[in-house]
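Trainee: quick one, fold the following:
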Amino acid sequence: MKFSTRRLSLLLPFMLPACSGDGAQDDTSASGVASGIGSITASGASAASASDSGGDSDSSGDSSGGGSGDESGGDSGLKFDVGFPDTGMVDEPDPCADSGPDCKCETPEHMPCDNGTNDPIRAIGLNCPGEPQVTASTMGAASAIGTRNNFGQTNTFNPREGAIYAVLGSGHVADLNQPTPFGDNNAGPTHCNDSLGIGLGKSLPAPLNPNGVGGDCIQNPALVGTGDCSNTIQGQFNQGGSANDYTELRFVAQVPADVTSFSYEFAFFSTEWPYYFGSSFNDMYVGWLQSEQWTGNISFDGQGNPISLNAGFLDFKDQGGNLPELAGTCMRQHAGTNWLKTTAGVTPGETITVVFAIFDLSDQILDSYVFIDNWQWGCEPGGPPQTIPG
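Mentor: Predicted coordinates for the structure are as follows:
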């Protein structure tokens with residue numbers, strides 16, 4: 001296939017060295033990754049910090065990950081191309097100039113590069129060598145940000161991409177490895193029940209805004225930038241009253257040319273279940289997107305609730321303490337979701353800000369955590385963000 005000069009100039013910043021096959025991974029074994037948790041450093045354990053998360057220079061991939069490279073948009077919705085069929089005429093019109101039926105979306109190739117790193121950005125599938133780069137920072141206690149390569153006594157929470165995934169918590173990430181003692185008091189768990197000493201009151205760091213927009217941002221673009229386009233955060237956030245032990249990972253990225261969406265996978269866990277289920281002590285996870293099309297939460301359940309203790313998708317409720325998925329961890333006797341997948345639309349070439357944030361509501365104890373992995377640039381058609389089982 002030959003490319004028009006205009007299209008090739010747009011693609012050059014995102015083209016990669018040749019690799020073998022779609023979504024290829026190198027043959028570096030993950031066996032060298034120590035089990036347990038690593039963490040990155042954020043300046044100060046009790047103050048907000050912003051540090052470049054460029055990570056180390058490790059570029060080794062892994063063949064054991066559950067994720068597999070990039071998605072294509074299939075046959076439905078708007079599609080974009082990177083060129084046109086090879087007819088021997090390099091000056092033919094670009095068939096995607098009018099987004100016609102011959103267009104085809106193509107995303108940047110990806111090869112996992114997280115084997116052995118403790119950088120959470122690489123752990124989720126970003127900033128690999130030769131691929132589009134993002135500028136990342138963290139906020140919160142350093143001990144509440146880390147990485148894992150497994151969880152529990154099954155393969156349910158193995159990585160979805162590469163060798164490891166990122167972990168954020170409203171408590172110490174290392175405590176996840178502390179098994180809940182048999183007969184532990186659910187109202188005051190022995191482990192994953194710590195205060196990080198960070199309180200935000202009734203506000204969240206910009207650009208996060210818990211207030212709903214009172215309308216549909218897709219139908220009325222004028223609402224974009226006025227608050228939470230999902231209208232999912234405000235009700236439960238106001239019920240809790242104050243955000244505590246706030247921890248975030250954020251990055252700024254330029255959307256690659258012709259890419260129309262992105263997706264990522266995550267899983268949420270909380271020691272607040274079962275004792276405080278249905279109460280105002282409702283820890284919350286927010287995936288925030290700041291873009292031309294959307295400002296607000298992009299990860300929520302089928303009933304329009306944020307990902308929290310009181311929302312849906314809690315697949316593993318370990319009432320009796322016998323679930324193998326949570327065995328050997330501080331989430332034994334408590335609850336968590338399975339892997340969930342969020343997809344959101346973006347505009348090709350725009351600059352977006354993404355914030356992954358987790359925090360306690362009303363109190364500073366009984367911790368919650370989120371695993372994050374498998375970021376992918378995609379080709380989904382426009383529309384509101386959605387979250388489905390992974």
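
Trainee: shaky segments in the stretch 51-200 of the chain?
Mentor: Along the stretch 51-200 of the chain, segments meeting pLDDT under 70 span 51-104.

Trainee: now with 50?
Mentor: Where the stretch 51-200 of the chain drops to pLDDT under 50, the residues are 51-100.

Trainee: would you map the helices across it?
Mentor: Under the criterion DSSP state H, counting those that start in this stretch, the stretch 51-200 of the chain contains helices at 120-123.

Trainee: does F269 belong to a helix, a strand or coil?
Mentor: strand (DSSP: H, G, I helix; E, B strand; the rest coil).

Trainee: next up, the contacts around it.
Mentor: By Cβ atoms under 8 Å, 6 or more residues apart in numbering, the contact list for F269 reads L326, M331, H334, A335, G336, T337, S368, Y369, V370, F371. No exception for glycine: its C-beta is placed from N, CA and C like everyone else's.

Trainee: what about the closest residue to the fourth one other than its chain neighbours, distance to I388?
Mentor: Using Cβ to Cβ, 6 or more residues apart in numbering and skipping the chain neighbours, the partner closest in space to A335 is W273 (3.7 Å). In this structure, W273 and I388 are 22 Å apart, going by Cβ to Cβ, to the nearest Å.

Trainee: who has more neighbours, those two?
Mentor: W273 (25 against 11; other Cβ atoms under 10 Å).

Trainee: before we move on, the earlier item: redo the contacts of F269 as CSV? Include neighbour count.
Mentor: CSV is the format used below for the contacts of F269 (neighbours: other Cβ atoms under 10 Å):
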residue, neighbour count
L326, 27
M331, 29
H334, 31
A335, 22
G336, 29
T337, 23
S368, 31
Y369, 31
V370, 27
F371, 26
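
Trainee: which of those lies closest to N238?
Mentor: S368 (18.6 Å; Cβ to Cβ).

Trainee: got the confidence number for that closest one?
Mentor: pLDDT, S368: 96.

Trainee: how about it, what does it touch?
Mentor: So S368 contacts 169-171, 268-272, 283-285, 309, 358, 360 (Cβ under 8 Å, 6+ apart).

Trainee: over to V255?
Mentor: F262, V346, T347, P348, G349, E350, T351, I352, W377.

Trainee: would you mind extracting the C-alpha trace of stretch 203-220 into PDB?
Mentor: Once non-C-alpha atoms are left out, stretch 203-220 reads as follows in PDB (Å, rounded to 0.1, in the frame of the first residue of the first chain):
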ATOM      1  CA  SER A 203     -13.800  19.300  46.700                       C
ATOM      2  CA  LEU A 204     -11.600  17.400  44.200                       C
ATOM      3  CA  PRO A 205      -8.500  18.500  42.400                       C
ATOM      4  CA  ALA A 206      -9.000  20.300  39.100                       C
ATOM      5  CA  PRO A 207     -10.200  19.400  36.500                       C
ATOM      6  CA  LEU A 208     -12.300  16.900  38.500                       C
ATOM      7  CA  ASN A 209     -15.700  18.500  39.300                       C
ATOM      8  CA  PRO A 210     -18.300  16.300  41.100                       C
ATOM      9  CA  ASN A 211     -21.200  18.500  40.000                       C
ATOM     10  CA  GLY A 212     -23.300  17.200  37.300                       C
ATOM     11  CA  VAL A 213     -24.000  19.200  34.100                       C
ATOM     12  CA  GLY A 214     -27.800  18.600  34.200                       C
ATOM     13  CA  GLY A 215     -27.900  17.500  30.600                       C
ATOM     14  CA  ASP A 216     -26.400  15.400  27.800                       C
ATOM     15  CA  CYS A 217     -23.000  16.500  26.700                       C
ATOM     16  CA  ILE A 218     -23.200  14.500  23.500                       C
ATOM     17  CA  GLN A 219     -26.400  16.100  22.400                       C
ATOM     18  CA  ASN A 220     -25.400  19.500  23.800                       C
END
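
Trainee: and the contacts of F269, which is closest to S291?
Mentor: V370 (21.1 Å).

Trainee: I'd guessed that closest one sits against F359; true?
Mentor: No. Using Cβ atoms under 8 Å, V370 is not in contact with F359; the gap is 10.7 Å.

Trainee: nearest to L223 among the contacts of S368?
Mentor: Using Cβ to Cβ, M284 comes nearest to L223 of those, at 22.2 Å.

Trainee: so who does the nearest residue to the closest one once chain neighbours are set aside touch?
Mentor: Leaving aside its sequence neighbours, M284 sits nearest to S308 (Cβ to Cβ, 6+ apart; 4.2 Å). Applying Cβ under 8 Å, 6+ apart, we find S308 in contact with Q236, F268, N282, D283, M284, Y285, L361.

Trainee: hmm, 10 Å instead?
Mentor: Shown in contact with S308 (Cβ atoms under 10 Å, 6 or more residues apart in numbering): 232-233, 236-237, 240, 268, 270, 272, 282-286, 300-301, 314, 358, 361, 368.

Trainee: that'll do, ta.
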